[in-house]
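Enquirer: Sequence and predicted model, in that order:
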Amino acid sequence: MNQLGVLEAVEAYERISEQLDLGRFALALAVSLAAALAVAWLYRAFCESRGTGSQLWRAFPSLSLAITTLFLCIQISIPLSLGLLGSLSIIRFRTPVKEPEEVGSVMLVIASSIAAATFHFAFIAVMLAFAAACALAAAKMRGARLFRRDGLLVLSMPDASAANLGALRAALDGAFARHSVQSAASAGGTTTVQVSFSGLRSDPCSLQVAVRAAVPAAGTVNVFLDRPGGFR
């Protein structure tokens, strides 16, 4: 960096330092915290009941405060800005983020914290409004069971039983809103059928009982849900 660049950096540092008093710092933290609580509410209202139960939302307030403070300090300190990558690589998640909603919620917290640190408060309000609209639209689509698969039914039975599956089809028609056979394989005298389904009308245990009643010779009846807690 040449001498002119150093002078410009020093002037920018002094200008930002004068503007960023404790009152503005507290305001940025307050707005960031409020945004994080709003994201936590959205996550709990629309995502938590169908997620892994990791309670990731409990970290949102502390994340927002830390990120906001970090970016506020970066604005007034050139050495800190150069060490940004190192500071952000300290934390490692021992439990991987498993749900797409968790990734989106964390990104909302980060984005709102950066917007608060740069005092673009209107951006936060607009972003949260769009996030709420998207979450509501996604919930409506789930309620209508559009573009959704609840899980997979894997059934094994002797080849002789697989020749007549009329009773099984009737049982599946009563158990699901929609279903389709994904694959069927036969090996060693045993046929294995995989059926994808949506709109499960009962619980998985009742489904297994109904399938065994329809196919008494069934060997194994496994029900795999796409998401933990993914049935009503």
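Expert: Perfect, thanks for sending it.

Enquirer: Return the set of buried residues in the helix or strand where residue 44 lies.
Expert: Per DSSP states H and E: residue 44 is located in helix 22-46. Neighbour counts using 16 or more other Cβ atoms under 10 Å place 28-29, 31-36, 38-40, 42-43, 46 of helix 22-46 among the buried residues. For every residue, glycine as well, the C-beta is placed using N, CA and C.

Enquirer: tell me what that helix is packed against?
Expert: helix 60-76, helix 100-117, helix 121-143 (3 or more Cβ pairs under 8 Å, 6 or more residues apart in numbering; DSSP states H and E).

Enquirer: Surely residue 219 is in contact with residue 189?
Expert: No: the criterion here is Cβ atoms under 8 Å, and residue 219 misses it with residue 189 at 10.5 Å.

Enquirer: More neighbours: which of these two?
Expert: Neighbours per residue (other Cβ atoms under 10 Å) separate residue 219 from residue 189, with residue 219 holding more: 13 against 8.

Enquirer: Not including adjacent chain positions, what is the nearest residue to that one?
Expert: residue 156 (4.3 Å; Cβ to Cβ, 6 or more residues apart in numbering).

Enquirer: Identify the residue nearest the geometric centre of the protein.
Expert: For the chain, the residue sitting closest to the mean C-alpha position, by Cα atoms, centre = their mean, is residue 101 at 1.6 Å.

Enquirer: Surely that residue is in contact with residue 45?
Expert: No: at 11.2 Å, residue 101 does not count as touching residue 45 under the criterion of Cβ under 8 Å.

Enquirer: tell me the least confident of the buried residues of helix 22-46?
Expert: Lowest pLDDT among the buried residues of helix 22-46: residue 46, with 77.

Enquirer: and that residue, how far is that from residue 169?
Expert: 35 Å (Cβ to Cβ, to the nearest Å).

Enquirer: residues in contact with residue 63?
Expert: For residue 63, the contacting residues are 36, 106, 109, 110, 113, by Cβ atoms under 8 Å, 6 or more residues apart in numbering.

Enquirer: Out of the residues you listed, which end up buried?
Expert: 36, 106, 109, 113.

Enquirer: Let me have those residues in CSV, extended by distance to residue 177.
Expert: As requested, those are exported to CSV (distance: Cβ to Cβ, whole Å):
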residue, distance to residue 177
36, 38
106, 33
109, 36
113, 42
